[in-house]
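**Q** any chance you could fold what I've pasted below:
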Amino acid sequence: MRYRVMNLTRNTPLADQAARADSFMERFRGLMGVKDLPVGHGLHIEPCNSIHSFFMKIPIDAVFLDATLKVVEIRHAMPPWRMSKVYFGAKSVLELPAGTAKASQTMTGDQLSFETAA
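**A** Numbering: from 1, shown residues only. Have a look, this model is predicted:
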């Protein structure tokens, strides 16, 4: 299933083809080995309050979300082979192409929404 993700606070789209990773294996694999993450795509990992980019080939924006889908923290252009902090208020993370958060002016405290894409 794919999702459209909107920043309701800024009325800007973040993704129109975001996948969901909610099983152990999907969360473990994440974006490892992905060579290109096109604009409009992303991966929503739940539950999750910390990520790593080991074995990844591309930088990503990591948008950490609380249980109400409010932005807790953003790691802009996180390069491969890094680890994020643990964000205790985060319940999930939305991984996006590097630059997406800045381009959409997404900031801590913004409210996101997810709806099923057609």
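**Q** so residue 82 touches residue 52, yeah?
**A** Yes: using Cβ atoms under 8 Å, residue 82 is in contact with residue 52, at 7.0 Å. Any C-beta I mention is one placed from the backbone N, CA and C, and that applies to glycine too.
**Q** and the gap between the spatially most central residue of the chain and residue 3?
**A** Centroid check for the chain by Cα atoms, centre = their mean gives residue 94 as the closest residue, at 1.6 Å. From residue 94 over to residue 3 the distance is 10 Å, taken as Cβ to Cβ, to the nearest Å.
**Q** who touches both of those two?
**A** 15, 18, 44 (Cβ atoms under 8 Å, 6 or more residues apart in numbering).
**Q** out of these, grab the one that's most surrounded.
**A** Neighbour counts for these peak at residue 15, which has 28 neighbours (criterion: other Cβ atoms under 10 Å).
**Q** neighbours around residue 75, how many?
**A** As a measure of burial, residue 75 has 22 neighbours, counting by other Cβ under 10 Å.
**Q** just the pLDDT for it.
**A** At residue 75, the model reports a pLDDT of 98.
**Q** contact partners for the closest residue in space to it that isn't next to it in sequence?
**A** Of all residues not flanking residue 75 in the chain, residue 62 sits nearest, at 4.1 Å (Cβ to Cβ, 6 or more residues apart in numbering). Applying Cβ under 8 Å, 6+ apart to residue 62 gives the contacts 51, 74, 75, 78, 84, 93, 94, 95, 96.
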